[in-house]
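1. My questions are about this predicted structure, shown below with the sequence.
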Amino acid sequence: MTERYYTLGTHTPEQWQEIHDELCTSDATPDTIPDRACTCTDDMIHSAVRGEFLLTEQEAQTLALDSRIKFINKSFNRYPELMPPEDKLHNGILGTVKTERWATPNLNYMTWTDFQESEFGGGGVYVVTSQFSTEQPTVNRASYQFVRMQSKEYYWKDQAFGYYPTQKPSPKWGASEKVRQFGAGEHTDVICADNGSWIGHTEFINSGVTNAVNPSDYTGGNVLPGDGYCDVLDLVLDAPYYIDPDWFDASPGTRLTTRWDGTTVPVESIARSWWQYTQERSPQFAAFGSILVPSSYTRDNAHGSPTTLPSSANHGTQCASLLYGRTHGWAYNSNKWQMNLYGANNIGSFERGFDIQKIFHQYKPINPLYGTKDPTISSNSWGYRSGGSDDHNPGYSDKTGDYWYWRTDPAVSYDGLGWEPRFISRNGLKGDSGRWSSEMYDNSMTQAGDELIQAGVIFISSGGNSNQQIVNPDHPNYDNRISNNNTNTLYQDSFYEFGVQTTGTTNRRGFPNHIGKTESQTFQGNTTVKFPAITVGALSDRNAMQYPFVRIEHKIDYSNTGSAIDFYAPGDGTLAATVANQGVIQRLDDTYSDLTVYSGNCYDARFSGTSAAAPVAAGLLASVMQYNRGWTWEDLKNWIQNNVELQPADSFNQGTEPTTPNDTDWTQADHAYESLLGGDPRVLYQATIPVNTPYPGVSDTEIQGSFTLSGGINFSIV
C-alpha cells in the first residue's frame with residue numbers, strides 16, 4: 001500500500017519515545033506496531049509528544065488502537081489541501097461598505113453608516129442617517145472602540161429618542177473626545193495571526209505620512225536595525241534575525257538585506273532555511289529541530305510593500321489596524337508582528353503556525369530593561385465551523401445528525417420535526433450562513449495549540465459569528481449534541497469541519513477556542529476543566545430600544561454568546577484600515593512618498609464581526625500585560641473576572657435564557673438574538689490595573705489615572 005505522511009502524538013513524553021523507537025525498528029512488539037522499520041520524517045524536537053512518520057493507511061489504523069496513542073492524523077503540514085479556504089475561516093462580517101467622510105477632528109463614532117431600525121414597542125420606524133455623511137475626512141477619526149472602552153460606563157447610555165420617526169439621535173453619536181488610555185502595549189510582542197496584512201498602509205508607517213498627527217507618546221519603528229519607517233515585521237521572515245542576530249551578522253552580505261523602509265532584515269531564502277535546518281542557525285537554537293516554511297511564503301505574498309499588495313490580506317489588514325495601528329489600535333507602541341496564517345501562500349497549516357509562535361516566544365531575546373522576555377499576545381480572528389443538518393441550509397452537510405440530546409434527556413430523533421429543535425436551528429442563522437462549531441477531537445493541530453498555551457503565549461480569539469450559545473462545563477447545556485444514533489456516547493460520534501473530525505457538541509467552544517483545554521481532578525475527586533484561550537464576543541454599534549425609548553447596549557445579533565464568552569468588545573461597525581480600493585472611506589493621512597499602490601491612496605472601511613472585537617480586545621489587554629509581565633493566561637483571566645465589572649441591567653440588554661430545546665426565546669422573542677443566554681454582561685474596558693512590573697519611572701502600585709493621547713502623559717498614582 002502507498003505510504004503517506006502521518007502526524008501522531010502520545011499522552012506523555014515517555015510514551016512518545018517508546019513509540020518512536022518501536023516504529024524505527026523492524027521488531028513488531030506489540031502487535032499495533034508495524035513489522036518493519038518505518039521512516040520518521042520529522043522528529044518535531046520542539047514537541048515532546050508529537051512527530052511525523054511515513055505509514056500506510058492500514059498501519060495508521062492499527063497504530064491508532066495502541067493505548068499510548070493520543071491521536072494520529074494525516075500531516076496537516078504535508079497536505080495543503082487539508083487547509084480550509086480562507087473565506088470560510090475568518091470571523092469577519094464585511095457586509096456592504098458605504099463611503100463616509102468626517103468633519104470634526106478626533107471624532108469617535110458609535111455608528112457612522114445609514115440604517116433603519118424599528119422602534120421598540122411602538123411600531124414606527126426611525127430612519128437614522130449620519131449627520132456627518134457629506135463632510136470631509138478628518139485625521140485620527142475612529143469608531144467607538146476608544147470611547148467605549150475608556151470606562152465601565154457606556155458613553156451613549158442616556159441618549160434618548162423622541163416618539164416620532166422624524167427625530168434623530170443626539171450629536172454624541174459622533175463624540176469629539178480626548179482619548180485616554182493606560183499605556184500602548186510598550187515592551188510586548190503582539191502578533192496578528194491572520195491571512196496576512198498589508199503593512200504598506202499609512203496606518204503602519206511612522207514617518208513621512210502626509211497630514212499625519214500621531215499619538216503624543218507614539219514611538220514608531222520596529223525591533224530590528226535600520227531605523228525603518230514601517231512598524232510591522234513578519235514573524236516568519238523577520239523574527240529569525242531578532243532571535244539569532246549573531247548568526248546573521250556573521251555574514252551580512254549573504255544573509256541580510258535592506259527592506260523597502262530601511263529596516264535590515266534576513267534574505268527570504270535564508271530566513272526560511274533558518275527555520276528548517278539546524279546548521280543554518282546558531283548552535284543554541286538547534287534544539288527546536290526543523291520547521292518547514294513553504295517557498296511561496298515571501299514578503300510580497302505575506303504582507304506586500306508600498307508598491308505591491310499581498311496575495312490576500314484585506315481581513316488581516318483590518319485586524320492589524322484595530323490591534324496596533326496608529327489611528328485605530330490600542331497597542332500602537334507594541335512590537336508589532338504579523339503572520340500569514342491562512343491566506344493565499346500561507347505558512348502551510350495551523351499546526352505550523354502555532355509551532356512558529358511557540359518557538360518565537362521560547363527563544364526570543366531577553367529585554368534588558370526588565371531582565372525578562374517580553375510577553376507575547378496572539379490575536380486570532382478565525383475559526384473552524386461548518387453547517388448543520390438544518391433544512392434551512394441544505395448546502396452545508398458536514399454535521400448531519402439523526403438525533404439530538406438536550407441536557408439529561410435521552411436521544412430524540414429529528415424525524416417528524418420538520419427541522420432541528422430551536423436550540424440548534426438558531427445556530428448560524430444570523431451572520432454565518434448556517435455554520436456553527438463543535439469541539440474537535442484531539443489531533444496534531446490541537447496538540448500544537450496546547451503547546452502554544454503551555455509555553456506562555458496569551459491567546460486571544462474571536463468568539464464566532466454563529467449566534468451560538470457556548471457554555472462552560474458547569475452549565476447544563478455543556479453536553480448538548482447531535483448524534484449519529486441513540487446509543488452512542490458523546491465521544492463515539494464523528495462529524496467533520498473542513499475534513500477534521502469533531503464531536504457533535506452544540507454548545508461547546510470550537511477550534512481554536514478550546515486549545516489548551518485541561519481537565520484535572522481536585523483532592524475531593526471533582527473534575528476541573530480550564531480553557532486558557534480568551535474568547536471575545538462582539539458589541540453592536542446600534543442599540544436596543546427599551547421603553548421609554550432609551551438606548552441601551554447589547555451584543556450584535558450574530559455574535560456567539562453564553563457563559564464561555566469571557567467578555568464583549570466593540571466589533572460591529574468598526575472603522576479599520578483596508579486593502580480595498582472600492583466602497584471605502586477616505587483618510588486624510590492617505591499618502592507617503594514611496595506609496596504607489598492605488599496611485600498613492602490608503603483607505604479605511606467598515607469592518608464587523610467578532611473578527612474585529614478580538615484585535616480590539618487584544619490591543620487593550622497588551623497594555624494590561626505590559627504592567628504585569630509575569631502574568632499567565634490564568635492571571636489575566638482572573639483580572640478580567642475580578643476587575644472588569646459587570647454591566648447593570650439598565651445599561652445592557654441581557655435577555656432571557658431558554659430552558660427547553662424548543663423554547664420560543666431561542667428564536668422568536670423580541671431581541672432573541674441579542675440575548676446573552678445566561679452569559680455575563682461583561683464589556684472589556686480600562687479597569688484598575690495592578691502594576692507588578694512598572695514601566696520605568698512608574699511606581700509599583702495600582703494605576704488609577706490614565707494616559708492622555710494628546711497633551712502629554714499623565715499619571716494619577718494612589
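-> Nice, I can see it.
2. Please count neighbours and contacts with C-alpha atoms only from this point.
-> OK.
3. And the strands in the stretch 51-200 of the chain?
-> 69-74, 107-109, 115-118, 125-128, 142-143, 174-176, 180-181, 189-194 (DSSP state E, counting those that start in this stretch).
4. Below-threshold pLDDT in the stretch 551-700 of the chain: ranges please.
-> By pLDDT under 70, the low-scoring segments of the stretch 551-700 of the chain are 551, 582-583, 670, 694-700.
5. Quick one: the helices in it, in order.
-> 610-625, 633-643 (DSSP state H, counting those that start in this stretch).
6. and what of the chain?
-> 13-23, 57-63, 145-149, 239-243, 245-249, 252-255, 268-276, 299-302, 314-324, 350-363, 422-425, 444-455, 610-625, 633-643 (DSSP state H).
7. in the stretch 301-450 of the chain, which spans are strands?
-> Going by DSSP E, counting those that start in this stretch, the stretch 301-450 of the chain shows strands at 335-340, 376-380, 386-387, 403-405, 412-413, 435-436.
8. other SSEs contacting the third one?
-> To tie it back to what came earlier, the one meant is strand 386-387. Packed against strand 386-387, as judged by 3 or more Cα pairs under 8 Å, 6 or more residues apart in numbering; DSSP states H and E, are the following elements: strand 435-436.
9. Repeat that for the fourth one.
-> Strand 403-405 is packed against strand 412-413, strand 481-483, with contacts defined by 3+ Cα pairs under 8 Å, 6+ apart.
10. Looking at those strands, spot the one closest to Leu82.
-> Of all the helices and strands packed on strand 403-405, it is strand 481-483 that lies closest to Leu82, at 24.4 Å by Cα to Cα.
11. can you list the residues that contact that closest one?
-> The contact list for strand 481-483, computed with Cα atoms under 8 Å, 6 or more residues apart in numbering, reads 401-406, 411, 490, 493, 504-507.
12. Please repeat the previous calculation with a cut-off of 6 Å.
-> Strand 481-483 is contacted from outside by Gly401, Tyr403, Trp404, Tyr405, Gly504, Thr505, Thr506, using Cα atoms under 6 Å, 6 or more residues apart in numbering.
13. For Gly304, give me its contacts.
-> Trp198, Pro310.
14. Next up, phi/psi of it, please.
-> Per-residue torsions, Gly304: phi 70, psi -160 (degrees, to the nearest 10).
15. Of the contacts of strand 481-483, just the buried ones, PyMOL syntax please.
-> Those of the contacts of strand 481-483 that count as buried under 16 or more other Cα atoms under 10 Å are selected in PyMOL with:
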select buried, resi 401+403+404+405+504+505+506
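16. Report the lowest-confidence entry in the contacts of strand 481-483.
-> Sorting the contacts of strand 481-483 by pLDDT puts Gly401 at the bottom of the list (76).
17. residue contacts, it?
-> Contacts for Gly401 (Cα under 6 Å, 6+ apart) come out as Ile482, Ser483, Asn484.
18. Check Asn472 too.
-> Here Asn472 is in contact with Ser563, Ala564 (Cα under 6 Å, 6+ apart).
19. separation between it and Gly220?
-> 41 Å (Cα to Cα, to the nearest Å).
20. Would you mind measuring the gap between the ends of stretch 363-374?
-> One end of stretch 363-374 to the other measures 11 Å (Cα to Cα).
21. didn't Phe459 look like it was pressed against Ala533?
-> Yes. Phe459 is within contact range of Ala533, at 5.2 Å (criterion: Cα atoms under 6 Å).
22. Tabulate the CA atom coordinates of stretch 30-46 in PDB.
-> Output in PDB follows, covering the C-alpha atoms of stretch 30-46 (Å, rounded to 0.1, in the frame of the first residue of the first chain):
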ATOM      1  CA  PRO A  30       3.400  -5.000  20.400                       C
ATOM      2  CA  ASP A  31       1.000  -6.000  17.600                       C
ATOM      3  CA  THR A  32       0.000  -2.400  17.000                       C
ATOM      4  CA  ILE A  33       3.500  -1.600  15.700                       C
ATOM      5  CA  PRO A  34       4.200  -2.400  12.000                       C
ATOM      6  CA  ASP A  35       6.500  -5.300  11.300                       C
ATOM      7  CA  ARG A  36       9.100  -3.100   9.600                       C
ATOM      8  CA  ALA A  37      11.300  -0.100  10.300                       C
ATOM      9  CA  CYS A  38       9.200   3.000   9.500                       C
ATOM     10  CA  THR A  39      10.700   6.300   8.500                       C
ATOM     11  CA  CYS A  40      10.500   9.200  10.900                       C
ATOM     12  CA  THR A  41      10.200  12.200   8.600                       C
ATOM     13  CA  ASP A  42      10.000  14.900  11.300                       C
ATOM     14  CA  ASP A  43      11.100  14.400  14.900                       C
ATOM     15  CA  MET A  44       9.500  17.700  15.900                       C
ATOM     16  CA  ILE A  45      12.100  18.100  18.600                       C
ATOM     17  CA  HIS A  46      10.300  21.200  19.800                       C
END
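23. Buried residues of that stretch, list them for me.
-> Neighbour-count burial for stretch 30-46, with 16+ other Cα under 10 Å as criterion, is recorded at Thr32, Ile33, Pro34, Asp35, Cys38, Cys40, Asp42, Asp43, Met44, His46.
24. what mean pLDDT does that stretch have?
-> 93.
25. any residues touching that stretch, and which ones?
-> Applying Cα under 6 Å, 6+ apart, the contact partners of stretch 30-46 are 23-26, 28, 51-54, 62-63, 66, 288-289.
26. Let's see that with 8 Å instead.
-> For stretch 30-46, using Cα under 8 Å, 6+ apart, the contacting residues are 5, 20, 22-28, 50-55, 59, 62-66, 287-290, 359.
27. Any idea how many residues pack against Ser651?
-> When neighbours are defined as other Cα atoms under 10 Å, Ser651 has 18 of them.
28. wait, it sits on Ile552?
-> Yes. Look at Ser651 against Ile552 with Cα atoms under 8 Å: they come within range, at 5.2 Å.
29. what's the spacing between Glu3 and Asp27?
-> Distance, Glu3 to Asp27, by Cα to Cα: 19 Å.
30. What of Arg407?
-> 48 Å.
31. Got the domain ranges for this protein?
-> 3-75, 386-540+617-687, 688-718 (automatic domain parsing).
32. Surely Lys364 touches Tyr241?
-> No. Lys364 lies out of contact with Tyr241 (Cα under 8 Å); the separation is 9.9 Å.
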